[in-house]
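Chemist: How does the following fold in three dimensions:
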Amino acid sequence: MADTKFHPAMAVSNIKNHIPIVLEMETDHYSAWAELFKLHARSHRVLSHILPTGKEKAPSTDEEKELWSTLDATVLQWVYATISTDLLHTIIEEDLSAKEAWDRLRNLFQDNKNSRAVALEHDFSHVKLRDFPNASAYCQRLKTLADQLKSVGAPVTDNRLVLQLVAGLTEAYKNVGTYIRQSKPLPSFSEARSSLCLEEKALAEMHDDSPTAMVANSQREFDDSTPWMILLIFCGLSLWLENRMFTLNS
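Modeler: Model (predicted):
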C-alpha cells in the first residue's frame, strides 16, 4: 500500500472548490450534490468509502487499516463541509463512518418520496415569470424543480418543461410564448430558454428607444441645464438694465 501522503484524496485542500453546492433541506439540491460528490470521490479513488461494491479488499496490515481510517475520515470531512449546519446537526454522531453519513443524507432526501413529489409538483405547476427578476432566474427555477422531481421518482419530460415555461409567461411575452407553443416539434428546453432570454433583451431595448423614454431623457437633460439657463438670462437682463440706465442718464 502506498504511503498516505501520496494518495490523491490527501491533496484536496478545499473541497468546496470541487463541490460548490451546499446541501440544504430547504433548497433540496440533493441530486446535483450527490452526483458532484460521487464524481469527486471517484476521481480521487475513495468512492468505495460511500458506495462499496463488496469487491474491495479488506485492509489487513496495520498500515492498510490506518490508511483506510484516514481516507474515511477525509471523505467524512468532505461530507460535513458541503452540507448546511442544520443537516450537520441532524446526521452527526460520534465515530460515524463516511458511508453511514452518506446513507443518512440519502434517506433524509429520498424517504417519503410520494409526499415530496406532491409538494414539488405543486411548486412546479405554479412557477410564474412575474415572481422572478429576469427570465434566466425563472428558467433556472423550473429546471431545479424538474431535477428535484426526477430525484423522487417523478421525472418531468422536456416537452412538459417547455410547456410549463410557456404557461408561466406574462402578457409581455405573449408572442414568444405563442411561437414556442405552436412549433412542431416543440423546441428543447434550452432552445426555449434562449428564445425567452432574447425576447427579454429585445423588449428592454424597445423600452429604451420608446418615445416616452426619449421624452423622459430630454426632460431630464433640460432639467439638468435649467439652473444655468436661468443664470445666463439673469446676467443678460442685468447688463441690459445697466446699459439702459446709462443711456437715460446721458
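Chemist: how much space between residue 6 and residue 45?
Modeler: In this structure, residue 6 and residue 45 are 11 Å apart, going by CB to CB, to the nearest Å. No exception for glycine: its C-beta is placed from N, CA and C like everyone else's.
Chemist: between those two, who's got more neighbours?
Modeler: Between residue 6 and residue 45, counting by other CB atoms under 10 Å, residue 45 is the more crowded of the two (12 against 8).
Chemist: looking at it, the more buried one is touching residue 9, isn't it?
Modeler: Yes: between residue 45 and residue 9 there is a contact at 6.8 Å, judged by CB atoms under 8 Å.
Chemist: Can you list the helices and strands that the helix or strand hosting residue 106 packs against?
Modeler: Per DSSP states H and E: residue 106 is located in helix 98-110. When contacts are defined as 3 or more CB pairs under 8 Å, 6 or more residues apart in numbering; DSSP states H and E, helix 98-110 packs onto helix 30-43, helix 62-81, helix 85-91.
Chemist: As a markdown table, these with mean pLDDT would be great.
Modeler: As requested, the helices and strands packed on helix 98-110 are exported to a markdown table (pLDDT from 0 to 100):
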| stretch | mean pLDDT |
| --- | --- |
| helix 30-43 | 93 |
| helix 62-81 | 95 |
| helix 85-91 | 95 |
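Chemist: could you dump the ones you listed to CSV with mean neighbour count and distance to residue 188?
Modeler: CSV is the format used below for the helices and strands packed on helix 98-110 (neighbours: other CB atoms under 10 Å; distance: least, CB to CB, whole Å):
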stretch, mean neighbour count, distance to residue 188
helix 30-43, 17, 20
helix 62-81, 16, 34
helix 85-91, 14, 34
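Chemist: could those go into CSV alongside distance to residue 124?
Modeler: What follows is those, written out as CSV (distance: least, CB to CB, whole Å):
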stretch, distance to residue 124
helix 30-43, 15
helix 62-81, 29
helix 85-91, 24
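Chemist: which other residues reach the helix holding residue 106?
Modeler: For helix 98-110, contacts defined as CB atoms under 8 Å, 6 or more residues apart in numbering pick out 23, 25, 28, 30, 34, 49-52, 72-73, 75-76, 79-80, 83, 87, 90-93, 151-152.
Chemist: Mind listing what's buried along the following helix or strand past that helix?
Modeler: Per DSSP H and E, the first helix or strand lying C-terminal to helix 98-110 is helix 113-125. Neighbour-count burial for helix 113-125 flags 116, 117, 120, 124 (criterion: 16 or more other CB atoms under 10 Å).
Chemist: Sketch out the low-pLDDT regions of this structure for me.
Modeler: 1-5, 28, 209-250 (pLDDT under 70).
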